[in-house]
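[1] below are the sequence and a predicted model; questions follow.
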Amino acid sequence: MRRAVLLGMSPLLLVACSEFNIHGNQDPEAGLVPDIMVDPLTLSFGTVAQDENSLRTFTVYNEGASTLEVSDITLDHGSFKLITYPVTFALEPGENKIVEVAFLPIEAHLNSGLATIHSDDPDEAEVYVELLGDGAVPELQIDPQDHDFGQIDVPCEDEVEITMKNVGVEPLIIARPTYETDGQLELTDHNSYPMTLQPEESTTVMVHYGALDSGSGWGEMHVLSNDPAGEKVAEQWGEGGFGDPASDDFEVAENPPVDILFAVDQSGSMDGESTELGLAFDEFITQIDTVTTGWRIGVVSIDECFNEGILTSTTASYASKFQSAVVYGDDPSGTSTRTEQLFSLVDDALENTSSGRCNSGFLRTGALLHVIFVSDEPEQSSGTPSYWVDRFRSHVSNDSLLMTSVIGDLYDWCGEGSDGYIDAANMTGGMALDICTSDWATHVDELAMASLTAINTFQLSETAAESSIEVTVNGTLWTTGWHYESADNSVVFDELLESEDEITVNYNLAGECL
């Protein structure tokens, strides 16, 4: 059909249209109006490969009696591009204009779109040209394109599998995806890149969401490939939520209990170090006495019974007794193996803390047990460090109440290393100090502070969502000076508190994760 015709309109409606002047440039007296006609109304571009293009044209005619004003030509699909410009022009009666369109496929298989010609034709303000082409190109499909994890209780987690597939007709080459996130979402990708996917071939990656705090979490996976559409993005998001509120109150006890066990290697190479330890004892106890007099100390070196019994703040001449204890059973010949098997020696000593045994009464419920190994040799007991640490833990009511530290040859400078002891210290959050230094005062200061750790540790009654914890001391909010230990659900202060300090910990319950 070469021109638009108004069909089925009543004379009354035609009169109404004339009265309300809806005919654009129509001259009411002369009956002069523009009349647009476009030919053809379908452009077929055929099959086009990547980096190729196909050109087709359509013609715009003015078959009316006055000037036709074309105000724009728009395309609704990115595979089609206008070659003819400008897209605003005027056609006098009888004139025409050829418009050229290129097809550069950005999708595989059928690409379809419309070219819309906008004009002031009073009864055809918009005329449509159908655009059809077949893309012989690679095409990346990401599924799911978007994913909502929904609400997840802190600190629970979830994950989704993301599939990257070539739905095109040519090989797809993918570069390694990049991931943008607020820190709660993480991309796990074990693929090797660049990767080539043949048509209908696919691969997968995983996106993991661990809710760390209340509120939204988000992530975006960006994928570059030879898909002519360019970079593609897949989005994921979720919402973290807290459980019910909870609160615990604590008060720092007066003279809280601390149980300290020194296990000292008495082989001949340790003469000087044992003496130095004994001389530094006053500094060690002075540090602990500033916080509590509720300490107990035992020393073993050759057999399982404490060398000078259980030392307390009320023991007469306890400093001199400690000095004697750490050199007790000296083995200058270096022939003893028992003194270099301190794990088994400590295990026997702890077994002998039960009623009626030689170390009876040493361990107290709720007290930190701090075992301090002093040796310039590797540990020589049979069994792994974790085996012995588990045995030591059987003597405390909570795993957090065991700490093991070592003063040893950390760097193979003055002995034969500290294998075993360092492992145990790392397992229990203890100290690893260098025996080859002359600065024993610093060593004992650090060991004293470590021995007081339990005094500053407050175990919560319910499992907390870490990011919800608020701590007040004597009514003042502390935003620093403490940290949360998830292993035993405890708030630990980084500085010493004073007796009778009142602590309140407000928090929300952690989610019950599947």
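    Done, it's in.
[2] is residue 503 in a bridge, and if so with what?
    Counting by DSSP bridges, residue 503 is bridged to residue 250, residue 473.
[3] which residues does the residue nearest to residue 362 when sequence neighbours are not counted contact?
    Nearest residue to residue 362 in three dimensions, chain neighbours excluded: residue 353, at 4.7 Å (CB to CB, 6 or more residues apart in numbering). Glycine gets a C-beta too; all of them are placed from N, C-alpha and C. Residues near residue 353 by CB atoms under 8 Å, 6 or more residues apart in numbering: 359, 360, 361, 362, 363, 395.
[4] buried among those residues? Make that a PyMOL selection.
    Those of the contacts of residue 353 that count as buried under 16 or more other CB atoms under 10 Å are selected in PyMOL with:
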select buried, resi 359+362+363+395
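[5] how near is the residue nearest to residue 362 to residue 108?
    Residue 353 sits 76 Å away from residue 108, going by CB to CB, to the nearest Å.
[6] same deal with residue 88?
    Per CB to CB, residue 88 is found 34 Å from residue 108.
[7] the more surrounded of those two?
    Neighbour comparison, residue 88 and residue 108: the larger count goes to residue 108, with 25 against 11 (by other CB atoms under 10 Å).
[8] not counting sequence-adjacent ones, nearest residue to that one?
    Residue 108 sits nearest to residue 168 (CB to CB, 6+ apart), 3.5 Å away.
[9] what does residue 132 give?
    Spatial nearest neighbour of residue 132, excluding adjacent residues (CB to CB, 6+ apart): residue 44 at 5.0 Å.
[10] any idea what the nearest residue to residue 306 once chain neighbours are set aside is bridged to?
    Nearest residue to residue 306 in three dimensions, chain neighbours excluded: residue 298, at 4.0 Å (CB to CB, 6+ apart). For residue 298, the beta-bridge partners under DSSP bridges are residue 261.
[11] residue 298 and residue 262 touch, don't they?
    Yes - under the criterion of CB atoms under 8 Å, residue 298 makes contact with residue 262 at 7.2 Å.
[12] now do the helices in this structure.
    Taking DSSP state H as the criterion, the chain contains helices spanning 11-19, 271-279, 281-289, 318-326, 342-351, 385-393, 421-428, 440-451.
[13] which among those helices is found nearest to residue 213?
    Closest approach to residue 213 among the helices of the chain (CB to CB): helix 421-428, 29.0 Å.
[14] the closest one vs helix 342-351, what angle?
    Angle, helix 421-428 to helix 342-351, by axes from the mean of the first three to the mean of the last three CA atoms, to 10 degrees: 50 degrees.
[15] helices and strands around helix 421-428, which ones?
    Helix 421-428 sits against strand 368-375, helix 385-393, strand 402-408, strand 432-434, with contacts defined as 3 or more CB pairs under 8 Å, 6 or more residues apart in numbering; DSSP states H and E.
[16] so what strands line up beside the shortest one?
    When pairs are called by DSSP bridges, strand 432-434 turns out to pair with strand 402-408 (parallel).
[17] so the partner strand versus helix 385-393, what angle?
    130 degrees.
[18] contact partners for residue 194?
    Taking CB under 8 Å, 6+ apart as the criterion, residue 194 is in contact with 173, 174, 175, 176.
[19] still on that earlier bit, assess the claim that the residue nearest to residue 132 and residue 112 are in contact.
    No - using CB under 8 Å, residue 44 makes no contact with residue 112, being 10.5 Å away.
[20] overlap of the contact sets of those two?
    Common neighbours of residue 44 and residue 112, using CB under 8 Å, 6+ apart, are 132, 133.
[21] what count of nearby residues applies to the nearest residue to residue 146 once chain neighbours are set aside?
    Nearest residue to residue 146, sequence neighbours excluded (CB to CB, 6+ apart): residue 235, at 4.9 Å. Neighbour count for residue 235, taken as other CB under 10 Å: 14.
[22] pLDDT score for residue 235?
    For residue 235, the pLDDT comes out at 98.
[23] does residue 149 touch residue 209 like I think?
    Yes - assessed by CB under 8 Å, residue 149 is found in contact with residue 209 at 4.9 Å.
[24] tell me, what's touching those two both at once?
    Shared contacts of residue 149 and residue 209, defined by CB under 8 Å, 6+ apart, comprise 158, 160, 217, 236, 238.
[25] can you tell me which residues contact the second one?
    I take that to be residue 160. By CB under 8 Å, 6+ apart, the contact set of residue 160 is 144, 147, 149, 206, 207, 209, 236.
[26] just the third one next, same as before
    Counting by CB under 8 Å, 6+ apart, residue 217 makes contact with 149, 181, 182, 184, 185, 209, 211, 237, 238, 239, 240.
[27] now with 7 Å?
    By CB atoms under 7 Å, 6 or more residues apart in numbering, residue 217 lies in contact with 182, 184, 185, 209, 211, 237, 238, 240.
[28] and if you look at residue 477?
    Applying CB under 7 Å, 6+ apart, the residues near residue 477 are residue 470.
[29] partners of it in the sheet?
    residue 472.
[30] can you pull up the bridge partners for the nearest residue in space to residue 443 that is not next to it in sequence?
    Nearest residue to residue 443, sequence neighbours excluded (CB to CB, 6+ apart): residue 433, at 4.9 Å. The partner list for residue 433 in beta bridges (DSSP bridges) reads residue 407.
[31] residue 455 versus residue 433, what's the distance?
    Distance of residue 433 to residue 455, computed by CB to CB: 21 Å.
[32] same deal with residue 356?
    With CB to CB as the criterion, residue 356 and residue 455 are 30 Å apart.
[33] who's more crowded, those two?
    residue 455 (23 against 6).
[34] quick check, the more buried one in contact with residue 291.
    Yes - counting by CB atoms under 7 Å, residue 455 does reach residue 291; the two are 6.3 Å apart.
[35] got a markdown table for the helices and strands packed on helix 421-428, with mean neighbour count too?
    As requested, the helices and strands packed on helix 421-428 are exported to a markdown table (neighbours: other CB atoms under 10 Å):
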| stretch | mean neighbour count |
| --- | --- |
| strand 368-375 | 27 |
| helix 385-393 | 17 |
| strand 402-408 | 27 |
| strand 432-434 | 19 |
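[36] okay if I get the ones you listed as TSV plus mean pLDDT?
    Formatted as TSV, the helices and strands packed on helix 421-428 follow (pLDDT from 0 to 100):
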stretch	mean pLDDT
strand 368-375	93
helix 385-393	96
strand 402-408	92
strand 432-434	90
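[37] neighbours around residue 418, how many?
    Residues near residue 418, counting by other CB under 10 Å, number 27.
[38] ok, now how distant is it from residue 391?
    20 Å.
[39] residue 86 now?
    On the measure of CB to CB, residue 86 and residue 391 end up 88 Å apart.
[40] can you check residue 462 too?
    Distance from residue 462 to residue 391, by CB to CB: 30 Å.
[41] same question, residue 221
    Remark: distance between residue 221 and residue 391 (CB to CB) = 48 Å.
[42] re the thing from before, which among the contacts of residue 160 end up buried?
    Buried, going by 16+ other CB under 10 Å: 147, 149, 207, 209, 236, out of the contacts of residue 160.
[43] pLDDT score for the closest residue to the second one other than its chain neighbours?
    Read that as residue 149. Once flanking residues are discounted, residue 149 sits nearest to residue 238: 3.2 Å by CB to CB, 6+ apart. Residue 238 carries a pLDDT value of 96.
[44] so how far is residue 418 from residue 238?
    Per CB to CB, residue 238 is found 46 Å from residue 418.
[45] same check on residue 294?
    30 Å.
[46] quick check: domain ranges of the chain?
    11-136, 140-241, 246-251+457-508, 258-455 (automatic domain parsing).
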